[in-house]
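Enquirer: One predicted model, sequence on top.
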Amino acid sequence: MSNLNWIEQRRAARARLPRFLFDYADGGAGSEATMARNLADLEAVTLRQRVLCDVSEIRLDTVLLGRPMSMPVVLGPIGMAGMYARRGEVQAKDAADGHGVPFCLSTVSVCPLGEVAAQGAPDPWFQLYVMKDRGFLKSLMDEAWALGVTTLVLTVDMPVPGIRQRDTRSGLSGRGAPTRRLLQALARPRWAFDVGLWGRPHTLGNIAPALGGRSGLSDFMGWIGQNFDPTITWGDLEAIRSDWKGSLILKGVLDVQNARQAVDVGVDAIVVSNHGGRQLDGAISTARALPSVVEAVGDRVSVMADSGVRSGTDIVRMLALGAQAVWLGRLWVFALATGGAAGVSLMLKTLRQEMAVAMALTGCASLEDVTSEVLDPR
């Protein structure tokens with residue numbers, strides 16, 4: 001989507017969703033300075049317009065971790081995405097499959113992994129947070145492997161939840177939250193009928209066994225605060241690497257030293273990310289952190305990135321900064337909210353068109369051509 005289309009999509013999502021859901025996806029940590037920096041720093045990346053190149057055929061296909069992809073895009077993990085459309089994670093995977101790009105399911109999804117994986121090949125990627133209950137963590141990994149998942153994404157930038165003031169103001173958490181959420185849902189009758197009524201069950205499918213009979217949003221938020229593990233260290237990552245037989249992606253790296261440590265542990269890929277500005281308010285933007293991480297790890301692992309991407313041109317910017325693929329978050333969940341699987345499919349089609357145009361105008365016929373030479377230093 002172009003930036004204008006993104007603005008329109010965001011406006012449409014705001015009109016359709018209860019406020020607590022819109023703000024959960026749209027907001028960031030603290031004063032949201034890092035979230036704003038993600039956008040500003042990426043937009044400030046200028047590209048060299050190059051002419052008289054043969055760009056009659058633009059190729060966007062690539063291979064990542066042995067998986068063919070029609071373009072270097074991943075639908076990243078979004079918590080509670082199943083509340084944005086009826087069985088939302090299933091719809092998003094269907095759209096991703098139709099466009100030949102990976103879909104990554106969140107630990108805290110509404111639709112459980114079994115339901116999403118049942119949609120057929122290719123297998124979804126599965127994202128995990130490190131939890132205090134290592135036995136439960138291991139059981140989730142074992143279940144994922146048994147369901148055919150071969151790519152595990154470990155998010156490590158959330159040892160504690162960031163301070164997201166919008167969630168308290170909107171009613172996702174805080175005093176009187178259940179009543180406020182109910183009133184907001186009633187004020188959005190189309191959403192209430194389609195998702196609130198027909199989109200049940202609204203449990204957090206993957207962690208339902210740990211929650212037991214307590215499956216409401218309030219219980220979910222309390223469980224998150226009590227069970228995410230701030231004691232996680234590199235030793236824990238080594239243990240997970242030893243247990244997991246498939247590809248392991250480490251998501252949430254900004255620091256060069258951390259990137260080198262991840263390589264030493266044996267991860268297969270890194271996602272340079274500040275969680276979309278939703279964790280440390282004051283952290284460096286992904287666009288600024290990415291080149292240093294790429295330089296530090298070289299070609300020893302695949303390096304990907306997220307945060308601040310709103311268009312196909314932004315994806316080309318990230319590729320020129322060194323990313324091998326770009327993960328999307330808010331873009332796809334708002335497309336899902338306003339159009340379901342068809343909305344996500346249209347978003348991916350639009351991104352593909354925008355990428356092709358940006359590549360053609362920078363003289364790039366294939367992804368191999370999109371290097372730092374595309375960046376204009378002026």
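Expert: Perfect, thanks for sending it. Residues are numbered from 1 along each chain as shown.

Enquirer: Count the neighbours of Val153 for me.
Expert: 25 (other CB atoms under 10 Å). Every C-beta, even on glycine, is put in place using the N, C-alpha and C of the backbone.

Enquirer: Sort out which residues of stretch 162-178 are buried, please.
Expert: Buried residues in stretch 162-178, counted by 16 or more other CB atoms under 10 Å: Gly162, Arg164, Gln165, Arg166, Asp167, Ser170, Gly171, Leu172, Ser173, Ala177.

Enquirer: Which pLDDT value goes with Thr155?
Expert: pLDDT, Thr155: 95.

Enquirer: Nearest spatial neighbour of it, chain-adjacent residues omitted?
Expert: Lys251 (4.7 Å; CB to CB, 6 or more residues apart in numbering).

Enquirer: how about Leu248, what does it touch?
Expert: Contacts of Leu248 were listed using CB atoms under 8 Å, 6 or more residues apart in numbering, and they are Thr151, Leu152, Leu154, Ile240, Arg241, Gly266, Val267, Asp268, Ala269.

Enquirer: what about the residue nearest to Val294 when sequence neighbours are not counted, distance to Thr151?
Expert: With CB to CB, 6+ apart as the measure, Gly322 is the residue that lies nearest to Val294, at 3.4 Å, once sequence neighbours are left out. Look at Gly322 and Thr151: by CB to CB, to the nearest Å, they are 21 Å apart.

Enquirer: These two: which has the busier surroundings?
Expert: Here Gly322 and Thr151 are compared on neighbour count by other CB under 10 Å; more neighbours surround Thr151, at 24 against 19.

Enquirer: hey, what's that one bridged with?
Expert: Each beta-bridge partner of Thr151 is listed here, defined by DSSP bridges: Ser247.

Enquirer: quick one: it from Arg67, how far?
Expert: 8 Å.

Enquirer: Identify the contacts common to those two.
Expert: Counting by CB under 8 Å, 6+ apart, the shared contacts of Thr151 and Arg67 are Pro102.

Enquirer: what's the closest non-adjacent residue to the spatially most central residue of the chain?
Expert: Of all residues in the chain, the one closest to the mean position by CA atoms, centre = their mean is Gly76, 2.6 Å from it. In space, Gly76 comes closest to Trp327 once its chain neighbours are excluded; the distance is 3.8 Å by CB to CB, 6+ apart.

Enquirer: tell me the mean pLDDT for the helix or strand harbouring that neighbour?
Expert: Element membership of Trp327 [criterion: DSSP states H and E] is strand 326-328. Taken as a whole, strand 326-328 has an average pLDDT of 98.

Enquirer: roughly how far is whichever helix or strand comes after that strand from the heart of the chain?
Expert: Under the assignment DSSP H and E, the closest C-terminal helix or strand after strand 326-328 is helix 330-361. Computed by CA atoms, centre = their mean, to the nearest Å, the chain-centroid distance of helix 330-361 equals 14 Å.

Enquirer: Check which helices and strands helix 330-361 sits against.
Expert: Based on contacts counted as 3 or more CB pairs under 8 Å, 6 or more residues apart in numbering; DSSP states H and E, the elements that helix 330-361 packs against are helix 3-16, helix 19-26, strand 73-75, helix 88-99, helix 312-320.

Enquirer: Which ChimeraX command selects the buried ones in the contacts of Leu248?
Expert: A single ChimeraX command selects the buried members of the contacts of Leu248 (16+ other CB under 10 Å):
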select :151,152,154,240,241,267,268,269
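
Enquirer: hang on, the earlier thing: tell me which residues of the one helix or strand the residue nearest to Thr155 maps to are tucked away?
Expert: Remark: Lys251 resides in strand 247-253, with elements defined by DSSP H and E. Neighbour counts over strand 247-253 (16+ other CB under 10 Å) mark Ser247, Leu248, Ile249, Leu250, Lys251, Gly252, Val253 as buried.

Enquirer: swap in stretch 17-31?
Expert: For stretch 17-31, the buried set under the neighbour-count rule, 16+ other CB under 10 Å, comprises 17-30.

Enquirer: Out of the residues you listed, which comes closest to Ala262?
Expert: Checking the buried residues of stretch 17-31 against Ala262 with CB to CB, the nearest one is Ala29 at 23.0 Å.

Enquirer: ok, the closest residue to the closest one other than its chain neighbours to Pro230 distance?
Expert: Computed as CB to CB, 6+ apart, the closest residue to Ala29 that is not its neighbour in sequence is Gly162, at 3.7 Å. Taking CB to CB as the criterion, Gly162 is separated from Pro230 by 13 Å.

Enquirer: Sketch out the low-pLDDT regions of this structure for me.
Expert: Along the chain, the model assigns pLDDT under 70 to residues 1-4, 212-223, 225.

Enquirer: What segments of it are strands?
Expert: Remark: strands of the chain, listed N- to C-terminal, are 62-64, 67-69, 73-75, 104-105, 125-129, 151-155, 247-253, 269-272, 302-305, 326-328; assignment by DSSP state E.

Enquirer: how about a markdown table for the ones you listed, with distance to Leu183 added?
Expert: As requested, those are exported to a markdown table (distance: least, CB to CB, whole Å):
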| stretch | distance to Leu183 |
| --- | --- |
| strand 62-64 | 44 |
| strand 67-69 | 43 |
| strand 73-75 | 31 |
| strand 104-105 | 30 |
| strand 125-129 | 31 |
| strand 151-155 | 32 |
| strand 247-253 | 35 |
| strand 269-272 | 37 |
| strand 302-305 | 39 |
| strand 326-328 | 31 |
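
Enquirer: so which of these comes closest to Glu354?
Expert: Judged by CB to CB, the one of these that comes nearest to Glu354 is strand 73-75, at 11.4 Å.

Enquirer: could you say what helices and strands that closest one packs with?
Expert: Contacts defined by 3+ CB pairs under 8 Å, 6+ apart place strand 73-75 against helix 88-99, strand 326-328, helix 330-361.

Enquirer: and if we set it to 10 Å?
Expert: If you count contacts as 3 or more CB pairs under 10 Å, 6 or more residues apart in numbering; DSSP states H and E, strand 73-75 packs onto helix 88-99, strand 104-105, strand 326-328, helix 330-361.
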